[in-house]
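Q: here's my sequence, what's the structure:
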Amino acid sequence: MKKLEIIIRPERLDDLKTILNSCNAHGLMITNIMGYGSQKGHKQAYNGVDFGGNLLPKVKVETIVDDDTAEKIIDLVIEEINTGLYGDGKIFVYDVCDAVRIRTGERGVDAL
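A: Residues are numbered from 1 along each chain as shown. Below you'll find the predicted structure:
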């Protein structure tokens, strides 16, 4: 199993949810976050005067899926969420050794 932590622009959230639903990702967690990457955010200037900090609004979506589904989701996100501009986001992939459904005691992929 893999945990995908997908950080994207907020306006792309509906597109990402469509991708996850099409891949049968059964659950997700969404968090509104602020941050910047290698571009250090953007600076707005007016008449040469710097305005605004460098923290940009982002959305973090977390889901846990089987290994094959993870690769499919990654490929679809790269294909459909990508605008080719700085700040499109990142996908972090973690190995998940086990999952347990508290209600039934199911483990592993069955718990998802």
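
Q: give me the number of residues near Val65?
A: Val65 is flanked by 24 other residues according to other CB atoms under 10 Å. Just so you know, the C-beta spots here come from the backbone N, C-alpha and C atoms, and that holds for glycine as well.

Q: and the pLDDT for the nearest residue to it once chain neighbours are set aside?
A: Closest residue to Val65 in three dimensions, ignoring its sequence neighbours and counting by CB to CB, 6 or more residues apart in numbering: Ala25, at 5.3 Å. Residue-level confidence at Ala25 comes out at 92, pLDDT.

Q: if I look at Ala25, how far off is Gly37?
A: 24 Å (CB to CB, to the nearest Å).

Q: ditto for Leu4
A: When CB to CB is the yardstick, Leu4 and Gly37 sit 18 Å from each other.

Q: if we can go back for a sec, and Ala25 and Gly37? Which one has more around it.
A: Ala25 (21 against 14).

Q: could you find the closest non-adjacent residue to Met29?
A: Counting by CB to CB, 6+ apart, Met29 lies nearest to Glu62, which is 4.6 Å off, once chain neighbours are set aside.

Q: what of Ile74?
A: Ile91 (5.8 Å).

Q: next: Lys60.
A: Thr31 (4.5 Å).
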